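Engineer: Okay, here's the prediction I keep looking at, along with the sequence it came from:
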Amino acid sequence: MFQERYDTYDIMEVCLIAGKIMLQSGAETYRVEDTMMRIAASYGRSRSHSYVTPTGIIFSIEGDEPTKTKLIRIMDRTTDLKKVVLVNNVSREISRGELTVDQATSKLKEIQEGNWMFSFPVQLLAAAVSSGCFTIMFQGMWQDFLPAVAAGGIGFWSFVRVHKHIPIKFFAEAIASFIIGVIAFLFVYFSIGHELDKIIIGSVMPLVPGLLITNAVRDLMAGHLVSGLSKGAEAFLTAFAIGAGIAVVLSLLN
């Protein structure tokens, strides 16, 4: 435990940077709150309170002086579990008394500004290969493996490109799933693929919000009803967008 008396606002900055990185990178709400309060306690502020939602963080520290409170807004969220792991490591180092406030702030800002995600070609390759594997997993034919790889890869590429121009995930996912449905139909129409449904199911799996659904359930079980319901609603909208895109293709074909 640190013996030096740090300024409350400096401690709050460390906690808020850590919480912001974790929340933007896909961490669960209860994990973000627990990490922030543990960091504050490690710096001698045991009476801290945090309230986290998917779009904002409110953090306050009680002490001898009047209670200080800060609010930060979360605009963008993605999935980068590497950053969550790195922040957890910094939190453990702080708990062991190995980092001062300035050192922790510097490390966290380095994590925040760093790009730890895989390159786009690697993500594209992973989405394509996983689409084929999901098709086989759902009892599809091996002849449909390559069509699913192509449809899933093009669909993921479309999602990323459309999302850059239209920063609304609902439309990007709907357009990507529509493209997947068209490509899958063309493969079956030209007898390159055989089972349309299995190719579509496997190809849309990289777009499915699996982490959101998992975090929504875990937050609800931990008693974070607001965060759990909002993440569940976001996951529902994503699933609806995917289903809408495929439904449009199938309705046009019929």
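Structural biologist: Ah, there it is.
Engineer: can you give me the helices for the chain?
Structural biologist: Counting by DSSP state H, one finds helices in the chain at the ranges 8-24, 29-42, 81-95, 101-113, 120-137, 145-165, 169-189, 196-204, 210-221, 225-253.
Engineer: which of the residues in the first one are buried?
Structural biologist: Within helix 8-24, the residues that count as buried by 16 or more other C-beta atoms under 10 Å are 8, 11-24. (Glycine included, C-beta is placed from N, CA and C.)
Engineer: circling back: so which of the helices of the chain comes closest to residue 71?
Structural biologist: Using C-beta to C-beta as the measure, helix 8-24 is the one of these that comes nearest residue 71, at 9.1 Å.
Engineer: Quick check, central residue of the protein?
Structural biologist: Nearest to the geometric centre of the chain sits residue 79, at 3.0 Å (C-alpha atoms, centre = their mean).
Engineer: Model confidence score at that residue, please.
Structural biologist: Looking at residue 79, its pLDDT stands at 85.
Engineer: re the thing from before, reformat the helices of the chain as a markdown table; add distance to residue 51.
Structural biologist: Written out in a markdown table, the entries for these read as follows (distance: least, C-beta to C-beta, whole Å):
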| stretch | distance to residue 51 |
| --- | --- |
| helix 8-24 | 11 |
| helix 29-42 | 8 |
| helix 81-95 | 19 |
| helix 101-113 | 20 |
| helix 120-137 | 33 |
| helix 145-165 | 30 |
| helix 169-189 | 25 |
| helix 196-204 | 35 |
| helix 210-221 | 13 |
| helix 225-253 | 9 |
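Engineer: now for those helices, which one comes closest to residue 70?
Structural biologist: Comparing the helices of the chain by their distance to residue 70 (C-beta to C-beta), the top pick is helix 8-24, with 5.5 Å.
Engineer: Where does the prediction get shaky in this structure?
Structural biologist: 1-5, 64, 254 (pLDDT under 70).
Engineer: Show me it divided up by domain.
Structural biologist: The chain breaks down into these domains under automatic domain parsing: 8-113, 120-253.
Engineer: from the middle of its chain, how far away would the shortest one be?
Structural biologist: Yep, that's domain 8-113 we're talking about. Centroid displacement of domain 8-113 relative to its chain, using C-alpha atoms, centre = their mean, to the nearest Å, is 18 Å.
Engineer: what about it, start to end distance?
Structural biologist: Between the opening and closing residues of domain 8-113 lies a distance of 24 Å (C-alpha to C-alpha, to the nearest Å).
Engineer: give me every residue that touches residue 109.
Structural biologist: With contact set as C-beta atoms under 8 Å, 6 or more residues apart in numbering, residue 109 has these partners: residue 17.
Engineer: Kindly recompute the last result at 6 Å.
Structural biologist: Neighbouring residues of residue 109 by C-beta atoms under 6 Å, 6 or more residues apart in numbering: there are none.
Engineer: got it, and the one 10 residues further on?
Structural biologist: Residues near residue 119 by C-beta under 6 Å, 6+ apart: none.
Engineer: now do the one 5 residues further on
Structural biologist: Contact criterion C-beta under 6 Å, 6+ apart gives 153, 157 as the residues in contact with residue 124.
Engineer: Quick check: it vs residue 118, distance?
Structural biologist: Residue 124 is 10 Å from residue 118, where distance means C-beta to C-beta, to the nearest Å.
Engineer: Find residues that contact each of these two.
Structural biologist: Joint contacts of residue 124 and residue 118 (C-beta under 6 Å, 6+ apart) do not exist.
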